[in-house]
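Engineer: turn this into a model:
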Amino acid sequence: MEWNQETLQSLSQCFLNTLSPSPVPRRQAEAFLSSASEQPNYGLAVLRLVAEPTVDDQIRQAAAVNFKNHLRLWWAPSPADTTRILDPEKDQIKSLIVPLMLSSSPRIQSQLSEALAVISKHDFPQSWPNLLPDLVSNLQKASASSDYTSINGILGTANSIFKKFRYQYKTNDLLLDLKYCLDNFAKPLLDIFLKTAQLIDVAAGPGGAAEALRPLFESQRLCCRLFYSLNFQELPEFFEDHMTEWMTEFQKYLTSSYPALESSGPDGLTLVDELRSAVCENITLYMEKNEEEFQGYLNKFATAVWSLLGEVAQSPSRDRLAITAIKFLTTVSTSVHHTLFAGDGVIQQICQTIVIPNVRLREEDEELFEMNYVEFIRRDMEGSDLDTRRRIACELFKGIAANYKAQVTSILSAQIQNLLSSFATNPDANWKDKDCAIYLVVSLATKRAAGGSASATTDLIDVERFFNTVIVPELQSQSIKEFPMLKAGALKFFTMFRNHIPKGVALGLFPDLVRFLSSESNVVHSYAASCIEKLLLVKDEGGRVRYTSADISSVLLPLMNNLFAALRFPESEENQYVMKCIMRVLGVADISQGVAAPSIAGLTSILNEVCKNPKNPVFNHYLFESVAVLVRRASERDPSLISTFEASLFPSLEMILANDVTEFFSYAFQLLAQLVELNRPPIPASYMPVFTILLSPDLWNRSSNVPALVRLLQAFLQKAPHELNREERLSLVLGIFSRLVASPSTEEQGFYVLNTVIESLDYGVIATYMVNIWHALFTRLHKKRTVKFLKSLLIFMSLFLVKHGSVHLVDSMNAVQAGIFIMILEQIWIPSLKLITGSIELKLTAVASTKLLCECPVLLDATAAQRWGKMLDSIVILLSRPEEDRVEEEPEVPDLAENVGYTAAFVSLYNAGKKEEDPLKEVRDPKEFLVASLARLSALSPGKYPQIIAETLDAANQNALFQFCNSYNCPLV
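Structural biologist: Predicted coordinates:
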């Protein structure tokens, strides 16, 4: 794209149109820019537009955003990209962007800073060696003139560049980049930090103005973030030498007040708090990683942070500061310096001044409970609230308890009793005290896996007594509307300590749990659903399920009614906790026709609705799991229900395919496969249109569809093999196999198709196709030989042999190329046998190999003794050695080219899972089969085979073979 006045005008108009509220010009402009972005020098032209002072600011800002996004898409070199930015254009962009960024307005500056970070991610420092020297030079110039707009722009850019040191793994290359940045930037960073500190001291004095302090505090915050990045991997020598300068200023910001700025409005206090938060993160980092070097400063910082926490109000705007400050104390509490908490009354004071005030519910918590139940649950029940005051305050006490458990337990137990007593005196006014007590118990519980399900324990209370006296009254309360946050807390406690609640007590509360499903509070009916779902997972010692279908039979109908009714509450139409509970109940209950009919009607109604706009993948997954488990369990009990399910589901599944709801394709195919498998042959004619669609090549273009399509194809092949003889369907199926096996990412799925064909059809049907099948396999073998492919090929050949005999196997392979069977046997079969894993696969390949050994003329020929011995040696290794001793896993390398155009990942439905079939049910034990076959063979030629074994088998394998012979009483003669 050539830069001239015409280009300036057309681009300016386009960017203006992208801001238009009218969709027509906006879409036209977006389409033009998308097309233009493929031209060389497009990015450079947009950057020049951003630099043009005569253009309106909003157009330049829109151009800056477009420029940043363009770089994100095209800057990184890739062989597949035909429109990537060429090197000459890159060089010009790099020469222009730094000075332009420094001279731009703050909004444009922030976009260009992000764009610069994109470039530096790929080019810095190797391909952009002058970037850091330029930034340092500009920083020093800006510092000399106290130009804090430029200073903060440079520091912000450096912050974006250096962030990689926080999250990338420590490697030699990363450390070399870090050293380069330290050598060039550590001193200038300290210089500007100390200079700004002096300016703050002056500006914060009498008569100081807030406006003068704002850019200074932002500068110090950025310096602190850069300090964090440069110190994250390890303590650099420069920072260790200058630790006193840094720590002196850090401490000052934690202990000093800045009334001119703090009283200038919420944003002024926020600026001060953000700097203090950054300081707290820095000293926490030093406490975690450089404890020995930091210990001389620890006492003063601990005192400063504690004092600061006493002053931080409960306002949400100060949450970040409170959380980072408490995190620092938590880190100290778990270190060797925990004795700071050992003084008289210290732990008591922490409990009263830090823990309890931060655990108490605030108005903001109540608003979140009522207005955004999904976020409330995410924080409260799913453990993502580590960055909330409530959780981090409890983490502090957990940290202290690691060394002072008795004191913490005693203090908190007393505090919990005080809170409960306060509630008892005036429940209406003091309900938050009870909530606080329940939260403390739940949050400080120790969680562990036990008996197949999660379990929680606590020393703070007697769980059963607390449950009966504190929790049960809330659960049995006649009003489900009163104090919904208390009800939610009680349900959460029940869920958390479900393993400790006796079965009889829990069953007595099931009707109450069902009642809470009708609560209008989204959190309450979600917690009730979650509690029921988790209870049904509880296992006793020995892995026995505690709650069975008989236990819930009396409440099953109202339970299912209330669960479906809960999904009709506003905001809960796609409530994943309710849907997961439906899935779990259907997986446990005895499903009669009276339950199955309304359940499938309710589920298909929901499915039809979510098809219009799939937006909650977790809910959708549980929805399809619920359908799958209902179909499976109800059909197993009453096969006549299959037609009912087909009548209900077919319209929905047809709608998914017809409306191209790609998010649901893999689910639809898995459900169809389940229905096909449940039918007894012949399958109904209504499935035949699906079979025709299934063989369409276009359907297989999206890689995420492939596993589900293969599953459905296998179901048709097994249930309706005769249909393959019509309309050349077998050719189409084998075409799908060839396509799948040609790619490493789908080769395994290709073998699933091929194995099912071999297993389901007579040899007479497939004989004419075998040359083409072998040709496809050998071509793939020649192009790329992976461990996965070798294993799959060996399993296929074994299945072919046990189904159709060794003669057909050898002859069909040799028809491709004379003598190729022996080549494959020596180069693939024998050396790859030890790689086989899985009990059914091991048995199949061992039995097939034994049949070759004892029945195939190629191995029984007098000249093949060495080959025979090697084959037996491999069979013995397979059967005698544990998997970990004989298998070296090949790292899975994703084939990225295969996923071009990929939209939705394949997600397997557990409840529609395919049962693994054993093709050799008649063989009980492959070891016994081996020695019995060898004994019969050796009896025909006494003395021959023991001699071959002695000459060709490894000594350890000879011993293992003779042990097999003794165990099964099958001597070789």
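Engineer: ok, R389 touching I356?
Structural biologist: No: the criterion here is CB atoms under 8 Å, and R389 misses it with I356 at 11.4 Å. C-beta: built from backbone N, CA, C; applies to glycine.
Engineer: the two: who's more crowded?
Structural biologist: Shown here are R389 and I356; by other CB atoms under 10 Å, R389 has more neighbours (24 against 18).
Engineer: quick one, what contacts that one?
Structural biologist: Residues near R389 by CB atoms under 8 Å, 6 or more residues apart in numbering: 319, 322-323, 326, 358-359.
Engineer: and the gap between it and I461?
Structural biologist: 23 Å (CB to CB, to the nearest Å).
Engineer: residues in contact with V706?
Structural biologist: V706 sits in contact with 700, 740, 746, 749, 906, where contact means CB under 8 Å, 6+ apart.
Engineer: so which bits of stretch 195-212 are buried?
Structural biologist: Residues of stretch 195-212 classed as buried by neighbour count (16 or more other CB atoms under 10 Å): 195-197, 199-200, 203-204, 208, 210, 212.
Engineer: with stretch 399-418 instead?
Structural biologist: 399-401, 403-404, 407-409, 411-412, 415-416.
Engineer: check stretch 133-151 too.
Structural biologist: Those would be 134-136, 138-139, 142-143, 147-148, 150-151, for stretch 133-151 by 16+ other CB under 10 Å.
Engineer: the closest residue to K843 other than its chain neighbours and K791, how far apart?
Structural biologist: Excluding the flanking residues, the one nearest K843 by CB to CB, 6 or more residues apart in numbering is P926, at 4.8 Å. From P926 across to K791, the span is 17 Å (CB to CB).
Engineer: what does L586 give?
Structural biologist: For L586, the distance to K791 - CB to CB - is 37 Å.
Engineer: would you map out the domains in the chain?
Structural biologist: Domains of the chain are assigned by the TED database as 1-123, 128-295, 926-968.
Engineer: so how far is the shortest one off the chain centroid?
Structural biologist: Going by CA atoms, centre = their mean, to the nearest Å, the spacing between the C-alpha centre of domain 926-968 and its chain's C-alpha centre is 50 Å.
Engineer: the stretch 251-400 of the chain: helices as residue ranges?
Structural biologist: Under the criterion DSSP state H, counting those that start in this stretch, helices of the stretch 251-400 of the chain are mapped to 259-262, 266-289, 291-311, 319-333, 346-350, 356-359, 363-371, 373-380, 389-401.
Engineer: closest one to Q28 among those helices?
Structural biologist: helix 373-380 (37.3 Å; CB to CB).
Engineer: from the contact counts, what lies against that closest one?
Structural biologist: Applying 3 or more CB pairs under 8 Å, 6 or more residues apart in numbering; DSSP states H and E, one finds that helix 373-380 contacts helix 363-371, helix 522-535.
Engineer: low-scoring stretches of the stretch 51-200 of the chain, by residue?
Structural biologist: Counting by pLDDT under 70, the stretch 51-200 of the chain has low-confidence residues at 78-83.
Engineer: no no, the chain
Structural biologist: Along the chain, the parts satisfying pLDDT under 70 run over 78-83, 382-386, 448-455, 727, 888-906.
Engineer: go again using 80 as the cut-off
Structural biologist: The chain contains residues with pLDDT under 80 at 1, 77-84, 207-208, 313-314, 381-387, 447-456, 724-727, 884-907, 912-916.
Engineer: from the contacts of V706, pick the one nearest N4.
Structural biologist: W700 (48.5 Å).
Engineer: and the helices in the stretch 101-250 of the chain?
Structural biologist: With DSSP H, counting those that start in this stretch as the criterion, the stretch 101-250 of the chain has helices at 106-123, 131-144, 148-162, 164-167, 172-203, 210-231, 237-241, 243-255.
Engineer: which elements pack onto the shortest one?
Structural biologist: Applying 3+ CB pairs under 8 Å, 6+ apart, one finds that helix 164-167 contacts helix 172-203, helix 210-231.
Engineer: need the CA coordinates for it. PDB is fine.
Structural biologist: Output of helix 164-167 as PDB, limited to C-alpha atoms (Å, rounded to 0.1, in the frame of the first residue of the first chain):
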ATOM      1  CA  LYS A 164       7.700 -12.100  30.200                       C
ATOM      2  CA  PHE A 165      10.200 -12.600  33.000                       C
ATOM      3  CA  ARG A 166       7.300 -13.200  35.400                       C
ATOM      4  CA  TYR A 167       5.600 -16.100  33.600                       C
END
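Engineer: nearest to I822 among the buried residues of stretch 399-418?
Structural biologist: G399 (68.2 Å).
Engineer: residues contacting that closest one?
Structural biologist: 329-331, 333-334.
Engineer: could I get the helices of the stretch 251-400 of the chain as a markdown table with distance to I591?
Structural biologist: As requested, the helices of the stretch 251-400 of the chain are arranged in a markdown table below (distance: least, CB to CB, whole Å):
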| stretch | distance to I591 |
| --- | --- |
| helix 259-262 | 64 |
| helix 266-289 | 53 |
| helix 291-311 | 55 |
| helix 319-333 | 48 |
| helix 346-350 | 54 |
| helix 356-359 | 44 |
| helix 363-371 | 35 |
| helix 373-380 | 29 |
| helix 389-401 | 40 |
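Engineer: understood, closing this out.
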